[in-house]
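Visitor: structure of the sequence below:
(2 chains)
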Amino acid sequence: MDFAFLTLTELREKLDKKEVSSVELTKYFLERIKNLDKDYNSFVTVTEEEALKNAKDADDFISSPGENPFLCGIPYAAKDLFCTKGIRTTASSKILDNYIPPYDSTVIKKLKDQKSVLLGKTNLDQFAHGSSTETSAYGPSKNPWDKNRIPGGSSGGSSAAVGTGLSPWALATETGGSIRQPSSLCGISGWKPTYGRVSRYGIIAMGSSLDSPGAMAYSVEDLAHLAEIMSGRDERDSTTGHAPVEEYAKKISADLHGVKIGIPKEYFVEGMEEGVRHRVMEAVKELKKAGAEIVDVSLPNTKYGSLVYAIVAPSEISSNLGRYDGIRYGHTVANGKDLMEVYTKSRAEGFGDEAKRRIMTGTYVLSAGYYDAYYKKAQKVRRLIVNEFAEVFKQVDVLVCPSTPNVAPKLGKAADDPLFGYIADQLNIPGALAGLPALSIPCGFARPSDGETPSMDGLPVGLQIIGPQFGEQKIFNVGFAYQQLTDWHRKHPQI
Amino acid sequence: MKNFEPSNEYKPVIGFEIHVELATKSKMFSPAPFNPDETNPNTNIDEIVTAQPGTLPVANKEAIRLAALVGLALNCQIDEWSKFDRKHYFYPDLPKGYQISQYDQPISKNGYLDIEILGDISDVGADLIRQSEEGKMGSSPTGKHIKRIGITRAHLEEDAGKNVHPDGLPYSLVDYNRAGCALLEIVTEPEIESGEEARVFLQELRNIVRYVGASSADMEKGTMRVEPNISVRKPGETTLPKYKVEVKNINSFKFAEAAINYEIARQTEILKEGGIPKQVTMGWNEKQGVTVEQRSKEEANDYRYFPDPDLPVLQFTQEYLSELKRSLPELPSQKRKRFLEEYGLPAIDVENLINWKEMACYFEEVVSEIDEWMTQEQGLDRNQLIKSAANWCLQDFSALLNGSGMNPQESNVVAENLAELMKLIQQGKISSSAAKQVFKVMFEKGGEPSSIVEDLGLHQVSDEGAISSVIDKVVADNPKAVADFKAGAEKSFGFLVGQAMKELKGKGNPSVINDLLRKKMQG
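Guide: As a prediction, the model looks like this:
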């Protein structure tokens, strides 16, 4: 039997009806990883032994009477930024190459409670610094639709694994585009939660005021299920919200009558590929069919988003990476002659170029004399962006726009252009700064503007749906309605 | 130790940074236990304390409450909001590469603490007189002068671990037991002008911290650490000198005073020789009684403070703050004033009671037991009972408690029994030497003094009839001594008292014996 690309809802039914066991499913995906992942490099670590053991436990649970949790027995992959007790967690960096966490992140704990089965840890841009996985210390992952192209990043290992059918879903994180952009480039559905909706506890920090752990899967309905499981106040993360978690999947509705969708003109930027614009406008027509009212809106501060991000994110990064000092864990220089040398050499050897660039930028903008000119000013502009979104959400329920200006670029493009990430993520960053929830879902294919690709149809285009803070239900409804009317989310690459 | 010439050409200006480890159950930002007595390294740690990747801080509510309480007790302004900031530097005892502290919005600021100092008004200098004109100075009930020391701020932060350097080995070790413990850093204005003022200020501050239950504030254990910043200037100068010297490694009030006096003399000498003291951090060497220049780890550091994005802004409602104000216990200065007024005790006794919060409380329990007796029995002298209770508390009882490292409440001597002992002494039912024996038993085994007196047979004979007949016998048996006394040999009187006491097996009331014998001899 072929289990690749089945949705979680479909797998749940098969497991509940005993058409397949968790062990069989797990073996199937482990086998698929073994056969295919040498080409896609989506996993840093595969946890075969633990996975089979957990699958056996899940099967025991399923055969005992009573209802099964939604994820019971279903395999998944986790971005290697989620701490997993006893399982190596690298952040795709050299400095944490040998790091084995003594504890589980809150999200991993919740998934363990569901008796779901971890297949392994997926590749990412080192410490999530990047939009292509090319800053990983373990080499880049590849796009499932074209191995010469990037899968996006930083959660590119997760998007490649799901896009290639190596895992039915995957945990991912976003700071400024790291869920939406790779989901878009790999043709899968990704959910970037409201900041504070899902606990950050146990997720290796990048930009603490932005980091949002989320998920990638094949359908919005699956994402709604995952959101219910992953969300909620965590006493170990003071920035999680107290708002109760809704039954997103149960309440999901494809009827968009009375729903106002804003189309922000600033999100159709210069340099955007024509095919992308086309596909997104077609999708808007579909949403109108489902009953939505389409409204043109404007968010003039959008243009400042990437600039603010370029200050806020590195500031927090430079601080968050301070703990990797070669003293307590992680890479340590072999023969430091004194303390200063232990610090400088351990960090020089352990961090990649991109991490070093961001440490330097962040250190600079936080320095005495520059703090007011950069960090403080950036925070003020961030506040303007937050307010502007709040204003627009008084007029509309959600915003719809492209997830990325381009389909997947070729490998190596990011390395040639240090501003690549800021361009690739420019449509994601303003919403991330405002802590807004968003989806990226497939809405067709477009020919790339930078050469050939194996499929005549081209490469996946992502439709972005942005909601107000804690407005998860609204984005799930719009995404679900779209997936009821179209089947782009059921298109998968020939592998 | 080098000796410096005393000099009045310069006078010191001193400010303090004081760190107090708050008595919380867990650490400032993690559930790991706070236990300053732990001696096994790296026991009170968890993933947060050791800064494992992905961990997040959660602020300890009790630490925030205690910090605000100390702020209120120090007459500070407490704003409706406060926040935590990250202070960055690298050191092995600092696991995250930054310390969570408070930069520009400390939990409390702009407070003051009034201290009582002995110094003659003419010694205290122009500054103080200026302050007096502003109404900041007055005199206290003890006749000392009251001086107001400004509290710049008091902010919350987390403690660092400890680096350990094993002798002769080419590596260092780090113990993170102390890392992450809740610290309150109290910063004063540079308004302290002598070693004595410094000592009195520190003692009063320690008392306040202990009275509100915020910390054990034990200098030897390091739950209170004081760092004076000292410089000297010519009398009458009002601007601060261009340098200051910080002294670390001080672990008692005595050493604080000594280190400050040493620094004053050292700096004065440098200035007199035409030099300017270096701006350095010194360490106090208690064995040699000198300060020694230390290498400083924070030379010209840029800490790159910024608001910690992991911790939401703290908001204090008016209800919370007024509830906190209501919960403030009686503070040392209030208790001091009350003890002086209500009990008429000598100032030194009051001071000693105030400096031991638990003993002050115990003493008050004894007083309320005495007051209980007063309503039930006639002929007791309340003031005398209270005075002797204070004496017993501060002398015999304190000596025994100090010997066993206990507070009075932990001992076998309940307040009611100490009060009863005072009564037995005043009523002449036991002699003061017998009382000491009784008290020893009370301390060791507990029990009521009257039954201990009974058991040990220590009852004092005060009955005039009984004593009178003994005296008759002694006078009859010792005609020579009687004759000597009558001839003017005063010491023979003592011999006769001794004989009477011997007949009474040591239990005679000495003052009754004295009185009756004198009457008999004169008669």
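Visitor: from now on I want contacts and neighbour counts done on CA atoms only, so please keep to that.
Guide: Noted.
Visitor: residue nearest the middle of chain B, spatially speaking?
Guide: By Cα atoms, centre = their mean, chain B has its centre lying nearest to residue B:355, at 3.8 Å.
Visitor: hmm, residue B:208 and that one touching each other?
Guide: No - judged on Cα atoms under 8 Å, residue B:355 makes no contact with residue B:208 at a distance of 9.8 Å.
Visitor: for the residue nearest to the centre of chain B, phi and psi?
Guide: phi -70, psi -10 (degrees, to the nearest 10).
Visitor: for the closest residue to it other than its chain neighbours, helix, strand, or coil?
Guide: Among residues not flanking residue B:355 along the chain, residue B:207 sits closest, at 6.3 Å (Cα to Cα, 6 or more residues apart in numbering or on different chains). Reduced to three states with DSSP: H, G, I helix; E, B strand; the rest coil, the structure at residue B:207 is helix.
Visitor: what separation is there between residue B:207 and residue B:356?
Guide: Residue B:207 sits at a distance of 8 Å from residue B:356 (criterion: Cα to Cα, to the nearest Å).
Visitor: more neighbours, those two?
Guide: Higher neighbour count among residue B:207 and residue B:356: residue B:207, with 22 against 17, using other Cα atoms under 10 Å in any protein chain shown.
Visitor: residues contacting residue A:297?
Guide: By Cα atoms under 8 Å, 6 or more residues apart in numbering or on different chains, the contact set of residue A:297 is A:262, A:263, A:264, A:265, A:392.
Visitor: cutoff 10 Å now
Guide: Neighbouring residues of residue A:297 by Cα atoms under 10 Å, 6 or more residues apart in numbering or on different chains: A:261, A:262, A:263, A:264, A:265, A:266, A:392, A:395, A:396, A:399.
Visitor: show me the shaky parts of the stretch 351-500 of chain B.
Guide: Nowhere does the stretch 351-500 of chain B drop to pLDDT under 70.
Visitor: point out the residues in it that sit beside chain A.
Guide: Among all residues of the stretch 351-500 of chain B, none is adjacent to chain A (criterion: Cα under 10 Å from any Cα of the partner chain).
Visitor: re the thing from before, overlap in contacts, residue B:355 and residue B:208.
Guide: residue B:332.
Visitor: distance of residue A:98 from chain B?
Guide: In this view, residue A:98 and chain B are 13 Å apart by Cα to the nearest Cα, to the nearest Å.
Visitor: I should have written residue A:423 there, sorry.
Guide: For residue A:423, the distance to chain B (Cα to the nearest Cα) stands at 26 Å.
Visitor: and for that residue, the neighbour number?
Guide: Using other Cα under 10 Å: residue A:423 sits among 18 other residues.
Visitor: you'd agree it is up against residue A:310?
Guide: No - using Cα atoms under 10 Å as the test, residue A:423 is too far from residue A:310 to be in contact (11.7 Å).
Visitor: show me chain B divided up by domain.
Guide: Listed domain ranges for chain B are B:11-300, B:332-456, B:464-522 (source: automatic domain parsing).
Visitor: for residue A:403, which non-adjacent residue is closest in space?
Guide: Distances taken as Cα to Cα, 6+ apart put residue A:464 closest to residue A:403, at 4.6 Å, once the chain neighbours are dropped.
Visitor: distance from the worst-scoring helix or strand of chain A on mean pLDDT to the middle of the chain?
Guide: In chain A, no helix or strand scores lower on mean pLDDT, DSSP states H and E than helix A:420-424, which sits at a mean of 80. The chain centroid and the centroid of helix A:420-424 are separated by 16 Å, computed with Cα atoms, centre = their mean, to the nearest Å.
Visitor: who's in contact with residue 60?
Guide: I'll assume chain A. For residue A:60, the contact set (Cα under 10 Å, 6+ apart) comprises A:21, A:22, A:54, A:73.
Visitor: I was thinking of chain B, sorry if that wasn't clear
Guide: Taking Cα under 10 Å, 6+ apart as the test, what residue B:60 contacts is B:24, B:25, B:26, B:27, B:28, B:29, B:30, B:31, B:182.
Visitor: just to revisit the earlier point, what about the residue nearest to residue A:403, how many residues close to it?
Guide: With other Cα under 10 Å as criterion, residue A:464 counts 29.
Visitor: quick check: which ranges of chain B have low pLDDT?
Guide: Applying pLDDT under 70 to chain B flags residues B:1-3, B:5-6, B:119-143, B:295-300, B:523.
Visitor: for residue A:359, give its distance to residue A:207.
Guide: Distance from residue A:359 to residue A:207, by Cα to Cα: 12 Å.
Visitor: shared neighbours of the two, anything?
Guide: A:314, A:315, A:316, A:317, A:318, A:319, A:320.
Visitor: find the nearest non-adjacent residue to residue A:29, please.
Guide: With sequence-adjacent residues excluded and distances taken as Cα to Cα, 6+ apart, residue A:29 is closest to residue A:166, at 5.7 Å.
Visitor: quick one: that neighbour from chain B, how far?
Guide: Following Cα to the nearest Cα, the distance that separates residue A:166 from chain B is 26 Å.
Visitor: chain center to stretch A:189-199, what's the gap?
Guide: For stretch A:189-199 - counting by Cα atoms, centre = their mean - the centre lies 9 Å from the chain centre.
Visitor: does any bit of the top strand by length along chain B sit next to chain A?
Guide: In chain B, taking DSSP state E as the definition, the longest strand is strand B:145-158. No - residues of strand B:145-158 are not located near chain A by Cα under 10 Å from any Cα, the shortest gap being 15.6 Å.
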